[in-house]
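Engineer: Build me a structure from this.
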Amino acid sequence: MSDVLSQSEIDNLLAALSSGEVDAEEMKKEGEKQSVKDYDFARPSKFSKEHLRTLEIIFEHYGRLLSTNLPVFLRKNIQVEVMNSEAVTYMEFSNALSNPVLLGIIDFAPLKGNIIMEMATKIGYTIVDRMLGGEGEPLEKIRDFSEIEMIIIERVMNTCVELLREPWLNVLDVMPRLERIETNSQFAQIISPSEMIAIVTINIKIGDVEGLINVCLPYLTLEPVMDKLNTKFWYSSQQDVAEESFSDDIERLISKAAVPVTAVLGNSSINVSDFAALQIGDIIRLDRKVDDELEIYVGDIKKFTALPGASGKNYAVRVTTILREEQEDG
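Structural biologist: Just a heads-up that it's a prediction; the model follows:
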C-alpha cells in the first residue's frame with residue numbers, strides 16, 4: 001500500500017478538516033500513541049550509558065595505577081588511557097579474537113562468575129622482551145608463546161589483576177584472582193554466547209609500543225552491583241570519605257615501617273698492620289670516656305643521646321636527650 005496520497009484524497013482530507021469532521025489534534029495524539037520503539041531481543045540493553053560511563057571512571061583510576069606500578073617491572077615509561085566502553089554480546093567479543101591471544105580468566109569474588117582481561121599479543125611480546133633485558137621490541141612474526149614466556153607474562157598479569165581491587169572499592173570490596181591464562185579463545189567460554197557483556201577498552205603504551213587491553217565484564221557477574229554503577233552513587237560515596245581517614249591510613253602504614261637504630265659506642269683509628277695483627281683479648285682505645293653519652297642514629301640521622309646499660313641479659317641504652325634539627329646543625 002502506497003504512503004503517498006492522491007490529489008483527490010488530499011482534497012477530501014482538507015474538506016473534512018475545514019468542516020470540522022476531523023480534528024487535527026486528535027489525529028496527532030493518535031499518531032503519538034501508535035509510535036513504537038524497536039527492541040532487539042537478541043541484544044537486550046542491560047547496560048545503560050550511565051553504567052558504561054561509571055565503568056570508564058573505574059578503569060580510568062585503574063589506568064593510573066597501571067602507569068605507576070608496571071614501570072617497576074618493565075623499567076620503561078608507561079602511558080595508559082581508557083578509549084571507550086560498549087555493550088555487546090559475548091559472541092561478538094569472542095568472534096573478534098585472533099589466535100594466539102592472551103586471555104586472563106579472573107575470579108571476581110565475592111561476585112559470581114569470571115571476568116576476562118584480553119591483552120594484545122604484541123604487548124605480551126614486549127613485556128617478555130623487557131623482563132629478559134631487551135629493548136622491548138615486539139616480534140615481527142606472530143607465533144605461540146613458550147612456557148617460559150607464559151610464566152613471565154603471568155607474573156606481570158597477576159600484578160595487573162591485583163591492582164583491580166582499589167578502583168572497585170567504592171562499589172564493592174572485590175578480591176580478584178587470576179585463575180589462568182588462555183592463548184586459545186575457544187577455551188575461554190565463561191558464559192553463553194548470547195549473554196550481554198560490557199567491554200572497556202584501554203590503550204597502553206610501553207615505550208614506543210602501543211596495544212590494547214580489553215576488559216570483558218559479563219552482566220551476570222555485575223548484576224548484584226548494577227544499582228551502584230551510576231555516577232551519582234559513585235561521587236556521593238567518594239565524598240563520604242573524610243580527608244582525615246587518609247591521614248590516619250598513612251600514619252598507620254608509617255607506624256609499621258621498620259627503621260634501624262644504632263648506638264655508637266665510639267670511634268678509633270688504627271693502621272692496617274695493627275688491624276691485621278689483632279688477637280682475641282686485645283684492647284682498642286675509643287675516643288669516648290666511660291661516662292660519656294652515646295650518639296644514637298635513626299637510619300643515618302643523629303636523633304638522640306643516651307647512656308649505656310643493660311636490660312636483663314641484653315645490652316641497652318637509656319635516652320637522655322632528643323636532638324632537634326637546630327641542635328644537630330649546631
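Engineer: On the three-state scheme, the residue positioned nearest the centre of the chain is what?
Structural biologist: Centroid check for the chain by Cα atoms, centre = their mean gives residue 62 as the closest residue, at 3.2 Å. Assigned by DSSP: H, G, I helix; E, B strand; the rest coil, the conformation of residue 62 is helix.
Engineer: what's it in contact with, if anything?
Structural biologist: Contacts for residue 62 (Cβ atoms under 8 Å, 6 or more residues apart in numbering) come out as 163, 164, 167, 202. Glycine gets a C-beta too; all of them are placed from N, C-alpha and C.
Engineer: go on, residue 144?
Structural biologist: With contacts defined as Cβ under 8 Å, 6+ apart, residue 144 is in contact with 100, 183.
Engineer: one more time with 6 Å
Structural biologist: residue 100 (Cβ atoms under 6 Å, 6 or more residues apart in numbering).
Engineer: And the one 5 residues further on, by the same measure?
Structural biologist: Going by Cβ under 6 Å, 6+ apart, residue 149 touches residue 128.
Engineer: In the helix or strand hosting it, which residues are buried?
Structural biologist: In the assignment (DSSP states H and E), residue 149 maps to helix 147-162. For helix 147-162, a neighbour-count test (16 or more other Cβ atoms under 10 Å) marks 149, 150, 152, 153, 156, 157, 160, 161 as buried.
Engineer: Grab the nearest non-local neighbour of the last one.
Structural biologist: The shortest distance from residue 161 to any residue that is not its chain neighbour, by Cβ to Cβ, 6 or more residues apart in numbering, is 4.6 Å, and that residue is residue 178.
Engineer: Report the contact partners of the one you found.
Structural biologist: 104, 106, 157, 158, 161.
Engineer: let's see 8 Å
Structural biologist: For residue 178, counting by Cβ under 8 Å, 6+ apart, the contacting residues are 104, 105, 106, 107, 154, 157, 158, 161.
Engineer: Farthest pair within the residues you listed?
Structural biologist: Maximum pairwise distance among those (Cβ to Cβ): 14.7 Å, between 107 and 154.
Engineer: follow-up on the earlier one: quick one: mean pLDDT over the helix holding residue 149.
Structural biologist: Average pLDDT, helix 147-162: 89.
Engineer: Off-centre distance for it?
Structural biologist: Centroid separation for helix 147-162 versus its chain: 15 Å, with Cα atoms, centre = their mean, to the nearest Å.
Engineer: Show me which of the contacts of residue 62 are buried.
Structural biologist: Buried among the contacts of residue 62 by 16+ other Cβ under 10 Å: 163, 164, 167, 202.
Engineer: so what pLDDT did the third one get?
Structural biologist: Residue 167 carries a pLDDT value of 86.
Engineer: ok, it to residue 215 distance?
Structural biologist: In this view, residue 167 and residue 215 are 11 Å apart by Cβ to Cβ, to the nearest Å.
Engineer: anything in contact with each of those two?
Structural biologist: By Cβ under 8 Å, 6+ apart, the residues touching both residue 167 and residue 215 are residue 59.
Engineer: where does residue 12 land in three-state SS?
Structural biologist: Relying on three-state DSSP, one would call residue 12 helix.
Engineer: how many neighbours does it have?
Structural biologist: 13 (other Cβ atoms under 10 Å).
Engineer: With residue 174 instead?
Structural biologist: Count around residue 174 with other Cβ under 10 Å applied: 20.
Engineer: tell me the contacts of it?
Structural biologist: Per Cβ under 8 Å, 6+ apart, neighbours of residue 174: 108, 109, 110, 111, 164, 165, 168.
Engineer: Let's have those in CSV, adding distance to residue 77.
Structural biologist: CSV is the format used below for the contacts of residue 174 (distance: Cβ to Cβ, whole Å):
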residue, distance to residue 77
108, 30
109, 34
110, 36
111, 34
164, 22
165, 25
168, 26
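Engineer: Tally up the residues packed near the nearest residue to residue 307 once chain neighbours are set aside, please.
Structural biologist: Nearest non-adjacent residue to residue 307, counting by Cβ to Cβ, 6+ apart: residue 318, 5.1 Å away. By other Cβ under 10 Å, 11 other residues sit near residue 318.
Engineer: and residue 318, which of the three is it?
Structural biologist: strand.
Engineer: do you know how far it is from residue 153?
Structural biologist: Distance from residue 318 to residue 153, by Cβ to Cβ: 55 Å.
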